[in-house]
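> Return a 3D structure for these sequence lines:
(one chain, ligands or ions: 2)
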Amino acid sequence: MNDAHPLLRVRDLSTKFFTKEGTINAADKISFDVNEGEILSIVGESGSGKSVTGRSLLGLIESPGKIVNGEIWYRSPSLREELDGDMVDGEYINLLSVSSSIRSSLLGKDFSMIFQDPEESFNQSLTVGRQIAEAVEVNKRAENGETYSNIDLLKDIVTPGAQYISEESYDRAVELLKLVDIPDYTERADEYPHQFSGGMLQRAMIAQAIACDPEFLVADEPTTGLDVTIQAGVINLLKNLQNELDLTVLLITHNLGVVSRLGDRTAVMYAGELFEVGPTDKVLNSPENPYTEGLLNSLPDLTDSNKYIEPISGNVPSLLDSEMGLGCSFADRCPAATDECTGSPPPTRAVNGDSGHRVTCLHAGDGDTEVPISIETNPTREEPRQDTNSKNIANND
Ligand SMILES: Nc1ncnc2c1ncn2[C@@H]1O[C@H](COP(=O)(O)OP(=O)(O)OP(=O)(O)O)[C@@H](O)[C@H]1O
Ligand code: NI
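Numbers count the residues shown, from 1 in each chain. Ligands and ions are numbered 1, 2, ... in the order given. Model prediction:
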């Protein structure tokens with residue numbers, strides 16, 4: 001943990017949706033780091049705020065949603081040159097205080113996303129190769145210093161008949177299809193999305209996502225909906241690409257099997273909150289939060305067919321402002337809950353000192369000492385690239 005360099009430092013991030021029914025707390029005071037070159041998995045039941053968290057990092061929250069609080073520090077030595085004041089801390093810039101043009105320029109250049117549903121990424125009326133070539137082209141233009149408004153191309157340019165794609169970009173698109181193991185990639189590049197199988201389209205989407213040579217990739221349920229055997233292939237592909245391209249990945253998934261194979265570290269979300277985070281083997285093998293334990297127990301045991309799945313009883317609570325209690329949001333489903341759990345928000349504590357494992361639960365973690373995450377690694381109080389995270393945890397032992 002001590003040599004971990006965060007690429008992103010997320011602090012007290014809150015994203016709400018302002019709907020007719022009321023205000024929904026989709027992500028509530030979330031704090032975590034994404035270290036350079038790692039795969040950080042986010043797991044949790046449906047509706048726990050995983051996608052909202054991932055999209056918040058990329059600047060992809062749309063109305064009626066809004067990031068209402070927090071800081072997202074992104075290590076960008078080049079951009080920090082152009083900025084000053086409270087937008088900058090060492091090599092980091094705060095994505096929530098820079099201009100929206102800088103923010104959106106990162107998407108399709110430094111940041112990219114793989115969606116669960118390839119339909120979200122592909123236009124049915126253009127060939128796959130052509131669409132990947134567009135992504136290549138957009139990035140090339142951005143690198144050549146063309147104005148940020150060109151990034152709007154990413155969304156708007158997908159119009160049949162547009163003439164701006166160079167042969168070079170198309171060739172690169174074919175190369176990318178090869179890189180993601182599409183058979184007969186040259187011919188396939190000339191086909192339309194509906195001619196691809198689900199697994200192939202998922203690979204093509206990965207090719208599209210890495211076309212801009214991103215630093216940070218959010219993969220939201222990249223294997224959901226695929227056959228188990230095809231899932232395995234996509235997972236291996238992601239792992240290989242991450243290694244080869246030196247990607248930092250935030251992987252959002254329901255599938256703890258995927259997490260155990262891919263994730264360097266794992267974060268567990270429940271009802272918009274981060275309940276536990278740490279090295280994957282620690283979180284999966286010795287979970288501290290009763291919710292994480294429940295989640296693990298609800299998995300089918302592949303080694304023992306007589307062992308039943310035990311789903312966590314009860315339902316995910318409402319995320320509406322008006323219906324949320326003061327205390328722990330899991331208390332009414334939690335086997336370890338006591339009266340104190342409902343009175344005030346659960347504390348976040350370190351687990352086993354310096355392991356980088358943290359848990360949010362009144363009855364878990366090391367002793368009585370609370371680790372206030374938002375202060376522990378407040379970037380304005382520390383030198384960049386210094387791992388105060390583990391240092392402070394050690395201080396609190
Ligand atoms: N566009 C939206 N408008 C209103 N509410 C939304 C919107 N998007 C998300 N939410 C709310 O935010 C909560 C968190 O959603 P999110 O998509 O992040 O969950 P998730 O953990 O990714 O779930 P899943 O595993 O089903 O994808 C949802 O329960 C929903 O109430
Ligand atoms: Ni989701």
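> residue ranges of the strands in the stretch 201-350 of the chain, please?
Taking DSSP state E, counting those that start in this stretch, the strands of the stretch 201-350 of the chain run over residues 216-220, 248-252, 265-270, 273-279, 348-351.
> can you list those in a markdown table and add mean pLDDT, distance to M200 and mean neighbour count?
Using the backbone N, CA and C atoms, a C-beta is placed for each residue, glycine as well. Output for these, formatted as a markdown table (pLDDT from 0 to 100; distance: least, CB to CB, whole Å; neighbours: other CB atoms under 10 Å):
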| stretch | mean pLDDT | distance to M200 | mean neighbour count |
| --- | --- | --- | --- |
| strand 216-220 | 96 | 17 | 24 |
| strand 248-252 | 96 | 21 | 25 |
| strand 265-270 | 96 | 29 | 26 |
| strand 273-279 | 96 | 34 | 25 |
| strand 348-351 | 92 | 42 | 24 |
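> With respect to D86, which of these lies nearest?
Nearest to D86, of all these, is strand 216-220, at 22.5 Å by CB to CB.
> Just put the strands of the stretch 201-350 of the chain in JSON lines and tack on distance to ligand 2.
As requested, the strands of the stretch 201-350 of the chain are exported to JSON lines (distance: least, CB to the ion, whole Å):
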{"stretch": "strand 216-220", "distance to ligand 2": "6"}
{"stretch": "strand 248-252", "distance to ligand 2": "6"}
{"stretch": "strand 265-270", "distance to ligand 2": "10"}
{"stretch": "strand 273-279", "distance to ligand 2": "15"}
{"stretch": "strand 348-351", "distance to ligand 2": "23"}
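> what ranges do the helices span in the stretch 201-350 of the chain?
According to DSSP state H, counting those that start in this stretch, the stretch 201-350 of the chain carries its helices in the segments 228-245, 256-262, 280-285, 290-297.
> Can you give the distance of the shortest one from its chain's centre?
Right, helix 280-285. Centroid displacement of helix 280-285 relative to its chain, using CA atoms, centre = their mean, to the nearest Å, is 18 Å.
> Run a quick check on P279 versus H357, I expect a contact.
Yes. With contact defined as CB atoms under 8 Å, P279 counts as touching H357 (6.6 Å).
> burial of the closest residue to E310 other than its chain neighbours, as a residue count?
Excluding the flanking residues, the one nearest E310 by CB to CB, 6 or more residues apart in numbering is N297, at 4.9 Å. Number of residues near N297 (other CB atoms under 10 Å) recorded here: 15.
> In terms of pLDDT, where does N297 sit?
Looking at N297, its pLDDT stands at 85.
> how far away is it from S101?
Distance of N297 to S101, computed by CB to CB, to the nearest Å: 48 Å.
> circling back: go through the helices of the stretch 201-350 of the chain and find the least confident stretch.
Ranked by mean pLDDT, the helices of the stretch 201-350 of the chain bottom out at helix 256-262, with a mean of 85.
> now that helix: how far from the chain's centre is it?
Chain-centre distance of helix 256-262: 15 Å, with CA atoms, centre = their mean.
> again, but for stretch 43-56
Mean-position distance between stretch 43-56 and its chain equals 8 Å (CA atoms, centre = their mean).
> Whether it contacts ligand 2 - can you check?
Yes. Using CB under 5 Å from the ion, we find that stretch 43-56 touches ligand 2 at K50, S51.
> Whether that stretch contacts ligand 1 - can you check?
Yes. Between stretch 43-56 and ligand 1, judged by CB under 6 Å from any ligand atom, the touching residues are G44, S46, G47, S48, G49, K50, S51, V52.
> before we move on, the earlier item: in TSV: the strands of the stretch 201-350 of the chain, plus distance to E340.
Shown next, in TSV, are these (distance: least, CB to CB, whole Å):
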stretch	distance to E340
strand 216-220	36
strand 248-252	32
strand 265-270	18
strand 273-279	17
strand 348-351	15
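> which one of those strands lies closest to N69?
Closest to N69 of those is strand 273-279 (CB to CB; 13.6 Å).
> tilt between that closest one and helix 290-297?
70 degrees (axes from the mean of the first three to the mean of the last three CA atoms, to 10 degrees).
> can I get the CA coordinates of strand 273-279 in PDB?
Output in PDB follows, covering the C-alpha atoms of strand 273-279 (Å, rounded to 0.1, in the frame of the first residue of the first chain):
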ATOM      1  CA  GLU A 273     -22.600   4.700   0.700                       C
ATOM      2  CA  LEU A 274     -19.200   3.100   0.700                       C
ATOM      3  CA  PHE A 275     -19.300   0.400   3.300                       C
ATOM      4  CA  GLU A 276     -15.900  -1.300   2.900                       C
ATOM      5  CA  VAL A 277     -12.800  -0.900   0.800                       C
ATOM      6  CA  GLY A 278      -9.500  -2.700   0.700                       C
ATOM      7  CA  PRO A 279      -7.300  -5.200  -1.100                       C
END
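> ok, and what's touching it?
Strand 273-279 has contacts (CB atoms under 8 Å, 6 or more residues apart in numbering) with 1, 28-32, 44, 49, 264-269, 283, 287-289, 291-292, 329-330, 351, 355-361.
> try stretch 219-228
Taking CB under 8 Å, 6+ apart as the rule, stretch 219-228 contacts 50-51, 54, 113-117, 198-199, 202, 206, 230-231, 234-235, 238, 249-255, 258.
> And it, what's buried?
Along stretch 219-228, these residues count as buried under the neighbour rule (16 or more other CB atoms under 10 Å): A219, D220, E221, P222, T223, L226.
> of these, closest to G129?
The shortest approach to G129 among the buried residues of stretch 219-228 belongs to P222, at 21.0 Å (CB to CB).
> low-scoring stretches of the stretch 51-200 of the chain, by residue?
145-164 (pLDDT under 70).
> Perfect, that will be all.
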